[in-house]
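1. Any chance you can model this:
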Amino acid sequence: MEKREKLGSRLGFILLSAGCAIGIGNVWRFPYITGLYGGGAFVLIYLFFLVVMGMPVMTMEFAVGRASKKSIAKSYTALEKPGQKWHIHSYFAIAGNYLLMMFYTTVTGWMLHYFYLMLTGQFAGKAVDEVSAIFSGMLSQPLVMGGWMIFVVLAGFGICSMGLQRGVEKVTKVMMVSLMVIMIILAINSIITPGSAEGLKFYLLPDFNRMVEVGVWPTIVAAMNQSFFTLSLGIGAMAIFGSYIGREHALLGESLRIGVLDTCVAIVAGLIIFPACFAFGIEPDSGPNLIFITLPNMFNNMPAGRIWGALFFIFMAFAAFSTVLAVFENIISSSMDMFNCSRKKACAVNIVLIIILSLPCVLGFNVLSSIQPLGEGSTIMDFEDFLVSNLLLPLGSLVYLVFCVSRYGWGWDNYIKEANTGSGAKIPKWCRFYLTFIVPLLILIVFFQGIFKF
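-> Numbers count the residues shown, from 1 in each chain. Sure thing, here's the model as predicted:
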């Protein structure tokens, strides 16, 4: 068995954890639902729930990882009392990591494909319907999508096979810093575009009237949903990085830093999209249309749009690939813990596994498009996303939470001792009632809302 690796620096831990949290949900979904639910008013409610619901659960995942020094595969076994069955959740959490990668590798491939198209000027001079046809054309070509998906899998596991510090940590640091720089450049360009003021107003000024129009309760639920799902909690994707760090810093402070970074990226993504959309009189659509149809049309109308478009899609690819790397690391570490194998062997086996498991998502848009698991117009990817986002993340988070606060699990005293070890912000003792009774209720609201939406 190889000696357990450690991260080289605290910055590496924060950027890796933030990289896992920062994904398509931040830079794609957040700006749109912010606009839908009243702009600044929604952001305020979102931030509130991020702190009161997301942060405590994140400290629990980190605490379980740090105390056990194991991946999700063995962390419960190391901490639970003899005869307990908490470790059953490990199998669901590992399945969640694989399920997430079954569609995330494809979406990351889309971003890279669009970066290539922008860079080579293939949108230049295209009319609106021609830009739309490029997206549907990509979806109808399994070889194009499959090729990019395989590239993402090989690149991800290639980096992971180099080791935790020399591979994952080193590449993520470079990628995250590049992502921040590109975002700031894109946001400044968007804000100084003539006619962008309306977009800024729409996005940043709380419009409580719009919130009332959409509905106060739907807005609150949407904010809870977003604050919860943005952090990728519940499948051990955060716990793994907890297992790689020392005990110098208390876990609440670290969780807050990661939450701030995650939120900053989401908010700056809105600063890129809304001012530019309003400046060019383009309606900010939802879902794939926004990224793959609306924005390429906008870049077509922009001075030096080809450069801005290429920068935007490499930024999107970095956001997606940072999550891919983090989850691959969790999968590899779990394989090493379960089968007592080397990192290289875990990577080799999982390359084959993930490529095979990702094929249904790729083929679901073309060869297997007749399979519509969630009803008319749905795809295999929608179903995979539903299983992860609506079932495994909220229920997994609930398991982590009950494990940490209940005397039938690891227990409050053990959790609070681990979470508060080190310097920095501590979880106060009076939070026990809140974490034991209120937060589980909030998670159940998110869970049932997600289930009954379908």
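
2. contact partners of the helix or strand bottoming out on mean pLDDT in the chain?
-> Lowest on mean pLDDT, DSSP states H and E among the helices and strands of the chain sits helix 287-289, with a mean of 76. For helix 287-289, the external contacting residues (Cβ atoms under 8 Å, 6 or more residues apart in numbering) are 32, 135. Placement of C-beta: from N, CA and C, glycine included.

3. What is the subsequent helix or strand relative to it?
-> Counting by DSSP states H and E, the next helix or strand C-terminal to helix 287-289 is helix 295-301.

4. Tell me which residues of that following helix come out buried.
-> Of the residues in helix 295-301, 295-300 count as buried by neighbour count, 16 or more other Cβ atoms under 10 Å.

5. what pLDDT, on average, does that helix get?
-> For helix 295-301, the mean pLDDT works out to 88.

6. For it, name the packing helices and strands.
-> Applying 3 or more Cβ pairs under 8 Å, 6 or more residues apart in numbering; DSSP states H and E, we find helix 295-301 packed against helix 88-119, helix 128-139, helix 251-279, helix 305-339.

7. Check Ala222 and give its pLDDT.
-> We have a pLDDT of 88 for Ala222.

8. looking at the helices and strands packed on helix 295-301, which is closest to Ser161?
-> helix 305-339 (8.3 Å; Cβ to Cβ).

9. how about that closest one: buried residues?
-> For helix 305-339, by 16+ other Cβ under 10 Å, it's 305-306, 308-337.

10. same question, stretch 161-172
-> Buried-residue list, stretch 161-172, by 16+ other Cβ under 10 Å: 161-162, 164, 167-172.

11. and which of the residues you listed is nearest Cys404?
-> Leu164 (25.5 Å).

12. Test my guess that the closest one contacts Phe13.
-> No. Between Leu164 and Phe13 there is no contact under Cβ atoms under 8 Å: 10.8 Å.

13. who touches both of those two?
-> By Cβ under 8 Å, 6+ apart, the residues touching both Leu164 and Phe13 are 7, 244.

14. Of all the helices and strands packed on helix 295-301, which one is nearest Glu61?
-> helix 251-279 (9.0 Å).

15. Report the separation between Phe280 and Phe447.
-> 39 Å (Cβ to Cβ, to the nearest Å).

16. tell me the contacts of His249?
-> So His249 contacts 10, 422-424 (Cβ under 8 Å, 6+ apart).

17. If we use 6 Å, what do you get?
-> 422-424 (Cβ atoms under 6 Å, 6 or more residues apart in numbering).

18. and of those, the nearest to Ala63?
-> Gly422 (11.4 Å).

19. Give me the neighbour count for that closest one.
-> 17 (other Cβ atoms under 10 Å).

20. Repeat that for Gly96.
-> Counted with other Cβ under 10 Å, residues neighbouring Gly96 total 27.

21. what's the pLDDT at Cys277?
-> Here the pLDDT value assigned to Cys277 is 85.

22. Helix, strand, or coil at the closest residue to it other than its chain neighbours?
-> Spatial nearest neighbour of Cys277, chain neighbours left out: Pro284 (4.6 Å); criterion: Cβ to Cβ, 6 or more residues apart in numbering. Three-state assignment for Pro284 (DSSP: H, G, I helix; E, B strand; the rest coil): coil.

23. was I right about Pro284 contacting Phe278?
-> No. Counting by Cβ atoms under 6 Å, Phe278 is not a contact partner of Pro284; they are 8.3 Å apart.

24. check which helix or strand covers Arg210.
-> Going by DSSP H and E, Arg210 is in helix 208-214.

25. If you count neighbours, what's buried in the helix or strand following that helix?
-> Remark: after helix 208-214, the chain's next helix or strand is helix 216-229, criterion DSSP H and E. Within helix 216-229, the residues that count as buried by 16+ other Cβ under 10 Å are 219-229.

26. Now the element after helix 216-229, going C-ward?
-> Of the helices and strands lying after helix 216-229 in sequence (DSSP H and E), the nearest is helix 239-242.

27. Identify the residues contacting that next one?
-> The contact list for helix 239-242 (Cβ under 6 Å, 6+ apart) reads 13, 16-17, 61-62, 64-66, 71-72, 330, 333.

28. just stretch 96-104 next, same as before
-> 235, 324, 327, 330-331, 354, 357-358, 361, 381, 384, 387-388, 392.

29. any chance you could map the helices in the stretch 301-450 of the chain?
-> Counting by DSSP state H, counting those that start in this stretch, one finds helices in the stretch 301-450 of the chain at the ranges 305-339, 343-363, 380-386, 393-405, 412-419, 431-433, 439-452.

30. between these, which one is nearest to Leu261?
-> Nearest to Leu261, of all the helices of the stretch 301-450 of the chain, is helix 305-339, at 11.2 Å by Cβ to Cβ.

31. The closest one relative to helix 343-363, how many degrees between them?
-> Interaxial angle of helix 305-339 relative to helix 343-363 (axes from the mean of the first three to the mean of the last three Cα atoms, to 10 degrees): 130 degrees.

32. Who are the packing partners of helix 305-339?
-> Under the contact definition 3 or more Cβ pairs under 6 Å, 6 or more residues apart in numbering; DSSP states H and E, helix 305-339 sits against helix 10-21, helix 72-79, helix 88-119, helix 142-161, helix 170-191, helix 295-301, helix 343-363.

33. Any chance of the ones you listed in CSV with distance to Leu36 as columns?
-> Output for the helices and strands packed on helix 305-339, formatted as CSV (distance: least, Cβ to Cβ, whole Å):
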stretch, distance to Leu36
helix 10-21, 22
helix 72-79, 34
helix 88-119, 21
helix 142-161, 29
helix 170-191, 19
helix 295-301, 17
helix 343-363, 26
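
34. Please identify which of those is closest to Val260.
-> Evaluated over the helices and strands packed on helix 305-339, closeness to Val260 peaks at helix 10-21, with 8.9 Å, by Cβ to Cβ.

35. would you put the C-alpha positions of the closest one in CSV?
-> What follows is helix 10-21, C-alpha atoms only, in CSV (Å, rounded to 0.1, in the frame of the first residue of the first chain):
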residue,chain,number,x,y,z
ARG,A,10,-3.1,25.4,2.4
LEU,A,11,-3.6,27.3,-0.8
GLY,A,12,-3.7,24.0,-2.7
PHE,A,13,-6.4,22.7,-0.4
ILE,A,14,-8.5,25.8,-0.7
LEU,A,15,-8.2,26.0,-4.5
LEU,A,16,-8.8,22.3,-5.0
SER,A,17,-11.9,22.3,-2.8
ALA,A,18,-13.1,25.5,-4.5
GLY,A,19,-12.3,24.0,-7.9
CYS,A,20,-14.5,21.0,-7.0
ALA,A,21,-17.4,23.4,-6.0
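
36. What is the distance between it and the centre of its chain?
-> Relative to its chain's centre, helix 10-21 lies at 12 Å (Cα atoms, centre = their mean, to the nearest Å).

37. Just want the angle from it to helix 305-339.
-> Using the same axes, to 10 degrees: helix 10-21 against helix 305-339 is 100 degrees.

38. Show me where the chain dips below the pLDDT cut-off.
-> 1-3, 285-286, 454 (pLDDT under 70).

39. try 50 this time
-> Residues of the chain meeting the criterion pLDDT under 50: 1.
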